[in-house]
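A.B. asks: Sequence plus the predicted model coming up.
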Amino acid sequence: MNRSSLRFLPLLVALLWIGSTGAQVDRPLRVAITGDEGTLTPYTYVTGYPGYELMTLIYDQLFLMDEELVPRPWLAAGLEIVDDLTYVLTLREGVRWHDGEPFTADDVAFTIGYYQTHPLGRFTSSANRVADVRVDGELGISLTLDGPDATFVEAALADLPMLPRHLWQDVDEPRAMAEAIGTGPYRLVEARSEQFYRLEANPDFWGPPPAVGTIIAPIVRDETTTFQALLAGEIDAAVRPVPAGSVASFQARPDLAIAQGSGFATTLLILDVTRPGLDDPAVRRVIAGAIDYGRLVDLLLLGFGTVGTPGFLHPDNPFANPATAEPPRLSPAEARGVLRDAGYLERADGTFAFTDGAPEDAAGAAPLAFVLLAPASNPTRLRAAELIAQDLAAAGIAVTVRSMEVEALTQRVWPDFDVSQGRDYELAVFGWSAPVNARANLRGLLHGDPAKGTLNLAGYDDPEVNELADRAVATIDADDRRAVLWQLQERMARDVPLVPLFYQDGVYAYRPSAFDGWSYMAGQGILHKRSFLRR
Amino acid sequence: MAWYLGRVGQYGLVLLVAMTFNFALPRAMPGSPLRYLAGEDVGLLTPAQVADLRATYGLDRPLAAQYVAYLGDTLRGAWGFSFQLGKPVAEAIRERLPWTLLLVGSSLLVATAFGIIAGAIAAWRRGGRFDTAALSSAILVDALPTFWLGMLFVAVFAVSWRLLPVFGAYTPWGDRSGWPFVLDVARHLVLPATTLTLASLSGTFLVMRYAMLDVLGQDYVRTARAKGLPERRVVMGHAVRNALLPVSTVVFLNLGFLVGGATVVETVFAYPGVGTLLYQAVLARDYPVLQGAFFMLTVSVLLANALADAVYPLLDPRVRRGG
């Protein structure tokens, strides 16, 4: 060793010394999450997954979905559906809030009223279905709906987190209520903004005993950092799906395991059906038929996904129509044939144009061309847009891809999240979260009335479909409801109000030596209440 | 006296202009904070409920009214409530500020010290082996993307060698008192601070090197040498002291941005600083946080400027008033 390298020796020694003194402590289960989830109350959590699932480790619902998405009694011990409108619930005995106060029917009545008067996307619309609440003693409660609702158990009873009346009754500004007190299997003992949440098992939990003593959920926003931390042994699991390109190398590691299942979050091509050209079902059918869905799944997801069904519902959804399970396929020649038959002019360069009453003058006619918006921050969606543009060019439709910051894009396709304000786009690559698919919320996607079709970004409005969509919500009998939903999916395949592209599978990595009790919730993932309860 | 009043007036005007931008720019961005106010499933609300929500948070008021209220509230210290974090803006900033000061402060300190020393030596031995090596490394490191440098450190020091932690400011499940905690914080600081130091080192180095080269070519240095002063005194007493003047400007400027955090490094190392707070607030259109954090940043930059104004005459007699 010469003199100049000796100069750096003290630095090296200092680094090694700092590096070797990590405190050895009893380690809780460390599950990395993707972002800050506020104070983990129903009004401050941010994401549907993992935020809602983390929050409902603290708060309980009246029913709880099982892994196959069937609602099971939870805080409610029993339910009697007297008629289409009347739901009589009996609550579980001996349930207490984390602060020791008893949980009663008054809390349930209060919770429903609170969500009705303090708007929150996920809970207010389902709570609003309740027109009347009657409390019958400590544990009895009867709910009367404003109309029949086939999804009431899933969307309201199995979704609304119960709030303790004694703590919330004087809270006017729900987002300022920082105290997370529920009846759930875990208590929030520490929340550090942008750092981590620490939850500890509730020793007085009324249900199956919690399987993990302490859960720490560190916030790691960067994907690469998350998986480096997993490889380095600093976390035991991540709620972020493993990137398709890394799955094989993770599977090869003896210290890690992979949980894989369907994902209901839907990536889709949305279109404004009120625009010239896009208002023509023939053009929309060509767009839907020209896209090579298999190539999207193979190239973008490396096969870890399912091609979109024209009826929107994931093939694993119990209401999916097998007749519309496959996306339509048109070869470029077939697609061109459809456009010719529909009266569009084929020009010498292979593109099509509107006739506009001047059928012979192809030179001056407006081209059949659209701008496709894609979020700049999402490489998968951006690449999907480029591939779609290639496919449509082969069919004679010119598409220009334009990338935008995601909130700016949302503002264009869904101004202020209010479809009654109209829209300012032609085509866009967009996504709907898993619950839209899991609850078969086709009315939200299709209904022409903005109050009902709150997710109808296409501006689609068809009286027959509106009527079917209303029936899909009002039909309680499961078989009848399935029949209506099947009809709706067939209509979607014919009319193409939206083009589902694919559903990305959930692929999650964890360290089995730390905890091996994970269960996979269909369409969603491994972080949910049932994973942490002894079975 | 009049001179000081004039200066205060200038700073007041700059503050007002900056505050106006802090108000206008976030609102000029397309997009809306509703996704955070109503949750991810904001689409399930009816138009009437969305309108209610906008009214609750004053987003339906005319911009002029919002602006007047904002000016008053900000100056009074009432920075409001974060749309996305469910807590007061002041609290959110208070939680992040110490970590940012630690991270950015320590790397600023190291980068400045190293930059000055290396710049001085490089210029003094211009064209020598050290100068060539330092100059080319400075340009190389400056060209490397910071996140890539951070990722490289994580892959080598944290994952392959397991010497240092991958992320965070401390171990959430560890002891959080006394020396073990100090040591834990130090271990977590090493990689992000080193990344940030390398990313900012070249600026100070280059300024110092060029300033020093300039000074070494001045007549008074030649005179000093001609007087037969020892080389050490020529360099330390005459050259370095004068070359430090432009560097001090850079340092004061950096000082002002100390509280702004380092978004890229904080993101790569999941370090809970002001940089990620600001970045998330931009994504969420969290106007109150943007206004509060940018106000803090504005005031801090102005204070650093005022400090530079006050200190510069002490360093350089030529700019003393009336001198």
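C.D. replies: Yes, it's here.
A.B. asks: so where's chain B shaky on pLDDT?
C.D. replies: Applying pLDDT under 70 to chain B flags residues B:321-323.
A.B. asks: Outline the domain layout of it.
C.D. replies: By the assignment in automatic domain parsing, chain B contains the domains B:19-76, B:92-322.
A.B. asks: got it, and chain A?
C.D. replies: As given by automatic domain parsing, the domain ranges for chain A are A:17-59+A:184-262+A:506-535, A:60-179, A:266-504.
A.B. asks: thought B:Val190 was touching B:Val166?
C.D. replies: No. In this structure, B:Val190 is not within contact of B:Val166 by Cβ atoms under 8 Å, at 11.8 Å. C-betas here are computed from N, CA, C, even on glycine.
A.B. asks: Compare the two (neighbour count), which wins?
C.D. replies: Per other Cβ atoms under 10 Å in any protein chain shown, whichever of B:Val190 and B:Val166 has more neighbours is B:Val166, with 29 against 20.
A.B. asks: What parts of the stretch 151-300 of chain B come near chain A?
C.D. replies: Applying Cβ under 8 Å from any Cβ of the partner chain, we find that the stretch 151-300 of chain B lies next to chain A at B:151, B:154-155, B:157-159, B:161-169, B:171-175, B:180, B:183-184, B:186-187, B:190, B:267-270, B:272, B:276-277, B:280, B:283, B:285.
A.B. asks: ok, of those, which come out buried?
C.D. replies: Neighbour-count burial (16 or more other Cβ atoms under 10 Å in any protein chain shown) applied to these gives B:151, B:154-155, B:157-159, B:163-169, B:171-173, B:180, B:183-184, B:186-187, B:190, B:267-270, B:272, B:276-277, B:280, B:283, B:285.
A.B. asks: Just the ones in strands from those residues, please.
C.D. replies: With strands taken from DSSP state E, there is no overlap with these.
A.B. asks: ok, now which ones touch B:Val264?
C.D. replies: Applying Cβ atoms under 8 Å, 6 or more residues apart in numbering or on different chains to B:Val264 gives the contacts B:Thr146, B:Phe147, B:Gly150, B:Gly275.
A.B. asks: what's the answer for A:Pro276, then?
C.D. replies: With contacts defined as Cβ under 8 Å, 6+ apart, A:Pro276 is in contact with A:Phe354.
A.B. asks: Give me the distance between the residue in the stretch 151-300 of chain B positioned nearest to chain A and B:Trp179.
C.D. replies: Among all residues of the stretch 151-300 of chain B, B:Leu163 sits closest to chain A, at 3.6 Å; criterion: Cβ to the nearest Cβ. Distance of B:Leu163 to B:Trp179, given as Cβ to Cβ, to the nearest Å: 20 Å.
A.B. asks: and B:Arg232, how many neighbours does it have?
C.D. replies: 8.
A.B. asks: what's the next secondary structure element after the helix or strand where it lies?
C.D. replies: Using DSSP states H and E, B:Arg232 falls within helix B:231-233. Using DSSP H and E, the next helix or strand after helix B:231-233 towards the C-terminus is helix B:241-256.
A.B. asks: buried residues in that following helix?
C.D. replies: Neighbour counts over helix B:241-256 (16+ other Cβ under 10 Å) mark B:Asn242, B:Ala243, B:Leu244, B:Pro246, B:Val247, B:Ser248, B:Val250, B:Val251, B:Phe252, B:Asn254, B:Leu255, B:Gly256 as buried.
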